[in-house]
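# Pasting the sequence and the predicted coordinates here, then a few questions.
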Amino acid sequence: MRIFPIVTATLVCVALYFAILDRDSLIRVAGWFGGGDATSEPAPETADDADTAGTSGAGDEGLVHVTVRRSTAQAAENAVVLRGRTEAVRQVTVAAETSGRIVSDPLRAGASVTEGQLLCEIAPSTRAADLAEAEARLPEARARLTEAEASLVAAGIDARAATSLSESGFASETRAATATASLASAEAAVEAAAAGVRAAEAAVMRAREEIARLSIAAPFDGLLETDTAELGSLMQPGTACATVIQMDPIKLVGFVPEAQVDRIELGAQAGARLSTGTEAVGEVTFVSRSADPQTRTFRVEVVVANADQAIRDGQSADILVETPGTPAHLLPASAMTLNDDGTLGVRVVTDGIVEFLPVTMLRDTARGVWLAGLPDEVDVITVGQEFVTAGVRVRVTYEELTQ
């Protein structure tokens, strides 16, 4: 009874041999039993099928059958994608220029301030008295200058008279020399008095400037990023009073590789999506001329409106900068392949012969990928490209695109 399993296994092995390793013989045997020629190829069912077979016919027997899409180049918007962050358009730490104690109540972080608004006030101490003293000395210095100028006028008259009399023989040369010396002394006195007036005026200006430094004001409209100095704090020159930032407008800062920096132009439109999902639109206002020495990238700044101040300083952002359209083909991603050298490209058909053309992928979309580097019109293999190589003749069927 064990003979039947052995016979069954043998028959199965024979059947698998013919089905896998010698399929042509199996087809011929099936044709003999069916009364037809198993090697004959069925004719196209309709005239349309015969047309779409491309070069099908007696000469196409044994050729690989591929599906081809006839593609025409279109202008593809090709934005440069940057990874960056938001940055306040202005941020300043306002510091004291003189010493003293704070006598004003502090403003808290987050408060809105306007240009010229008082942030910190320092106690005047003796500065008012110093100003009064300087102002009192100024009239005295001016009076000395007036007196010296009057003496100069008199000495000048006397010197001219003595010189005239000496030349006429009515006065000695000694008197003329003495008058001339008196004139020189009067001129020196005028110069000294004028210097005294300038010094007095400078003292008044210094005293007034020192008083003006007692009030520390906001340099522009913005927000307080820190509390102002606390009441009673001792301030020294350089001590911070507060940090003020301007958030409207706000900058988007990104860094572009050197290979793409020439594609970005000043004034180009740009959009961004922040990490919070907020979207913003602005224009490019700055493209660096100097690369970062470590990353070899160039700084790009985009200014966007932020009237409601919803965008914060330091948020991550994906920035897309608009560039001029590039001629490209929209093709399925499956059409791309690699040649033996590892170059990315597509296989095309020219007069029934396969060619490999390298491409540059611009971007991926839901409808396909945009590829640059191809002729304006080209027949791209979309099905069967992995079974052919450059120089091989193929049988072509053109696919019908649905709009």
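In hand now; what should we look at?
# All the strands of the stretch 1-150 of the chain, in order from the start?
Under the criterion DSSP state E, counting those that start in this stretch, the stretch 1-150 of the chain carries strands at the ranges 64-72, 74-76, 80-95, 100-101, 112-113, 118-121.
# closest one to D376 among those strands?
Go through these one by one with C-beta to C-beta and the one that ends up closest to D376 is strand 64-72, at 6.8 Å. All C-beta spots, glycine's among them, are computed from the backbone N, C-alpha and C.
# Pull up the pairing partners for the closest one, direction included.
Neighbouring strands of strand 64-72 in its sheet, by DSSP bridges, are strand 377-383 (antiparallel), strand 394-398 (parallel).
# Show me where the stretch 301-403 of the chain has its strands.
Along the stretch 301-403 of the chain, the stretches classed as strands by DSSP E, counting those that start in this stretch are 316-321, 326-331, 336-338, 344-350, 353-358, 360-365, 368-372, 377-383, 394-398.
# Any buried residues in the last one, and which?
Taking 16 or more other C-beta atoms under 10 Å as the neighbour-count basis, strand 394-398 is seen to contain the buried residues V394, R395, V396, T397.
# Reformat those residues as JSON lines; add distance to E258 and pLDDT.
Rendered in JSON lines, the data for these read as follows (distance: C-beta to C-beta, whole Å; pLDDT from 0 to 100):
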{"residue": "V394", "distance to E258": "42", "pLDDT": "91"}
{"residue": "R395", "distance to E258": "47", "pLDDT": "90"}
{"residue": "V396", "distance to E258": "43", "pLDDT": "90"}
{"residue": "T397", "distance to E258": "45", "pLDDT": "90"}
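# isn't there a strand covering D227?
No: according to DSSP: H, G, I helix; E, B strand; the rest coil, D227 belongs to no strand; its state is coil.
# residues touching it, list them.
Taking C-beta atoms under 8 Å, 6 or more residues apart in numbering as the criterion, D227 is in contact with P106, L107, R108, A109, A242.
# Just the buried ones from the residues you listed?
For those, a burial check counting by 16+ other C-beta under 10 Å picks out P106, L107, A242.
# and of those residues, the nearest to V348?
For the buried ones among the contacts of D227, the residue nearest V348 by C-beta to C-beta is A242; the value is 66.4 Å.
# Not counting sequence-adjacent ones, nearest residue to that closest one?
T228 (4.3 Å; C-beta to C-beta, 6 or more residues apart in numbering).
# any idea how far R312 is from that neighbour?
As for T228, its distance to R312 is 21 Å (criterion: C-beta to C-beta, to the nearest Å).
# residues of the helix or strand where V253 lies that come out buried?
Secondary structure assignment for V253, by DSSP states H and E: strand 240-257. By neighbour count with 16+ other C-beta under 10 Å, strand 240-257 contains the buried residues 241-256.
# if we can go back for a sec, same list (the strands of the stretch 1-150 of the chain) but as JSON lines, adding distance to V304.
Conversion of those to JSON lines gives the following (distance: least, C-beta to C-beta, whole Å):
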{"stretch": "strand 64-72", "distance to V304": "37"}
{"stretch": "strand 74-76", "distance to V304": "25"}
{"stretch": "strand 80-95", "distance to V304": "9"}
{"stretch": "strand 100-101", "distance to V304": "41"}
{"stretch": "strand 112-113", "distance to V304": "20"}
{"stretch": "strand 118-121", "distance to V304": "28"}
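# wait, which of the ones you listed is closest to V388?
strand 64-72 (5.4 Å).
# and for the closest one, what are the contacting residues?
Strand 64-72 has contacts (C-beta under 8 Å, 6+ apart) with 54, 329-331, 335, 349, 354, 374, 376-385, 387-388, 392, 394-399, 401.
# Go ahead and measure how far that strand is from the middle of the chain.
Averaging C-alpha coordinates over strand 64-72 and over its chain gives two centres that are 42 Å apart (C-alpha atoms, centre = their mean, to the nearest Å).
# coming back round to it: for PyMOL, write the selection for the buried entries among the contacts of strand 64-72.
This is the PyMOL syntax for the buried subset of these, where burial follows 16+ other C-beta under 10 Å:
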select buried, resi 54+329+330+331+335+349+354+374+378+379+380+381+382+383+384+385+388+392+394+395+396+397
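# hang on, the earlier thing: who has more neighbours, T228 and R312?
Each of T228 and R312 had its neighbours counted (other C-beta atoms under 10 Å), and the higher figure belongs to T228 (28 against 14).
# so who does the more buried one touch?
Contact analysis of T228 by C-beta under 8 Å, 6+ apart lists S104, P106, L107, L119, C120, C241, A242.
# Output those residues as CSV; include the columns distance to V281.
Rendered in CSV, the data for the contacts of T228 read as follows (distance: C-beta to C-beta, whole Å):
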residue, distance to V281
S104, 41
P106, 38
L107, 33
L119, 34
C120, 38
C241, 36
A242, 32
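# Give me the mean pLDDT for stretch 279-286.
Confidence over stretch 279-286 (mean pLDDT, whole number) is 93.
# winner for burial among the strands of the stretch 1-150 of the chain?
Per residue and on average, the most neighbours among the strands of the stretch 1-150 of the chain fall to strand 118-121, with a mean of 20 (mean count of other C-beta atoms under 10 Å).
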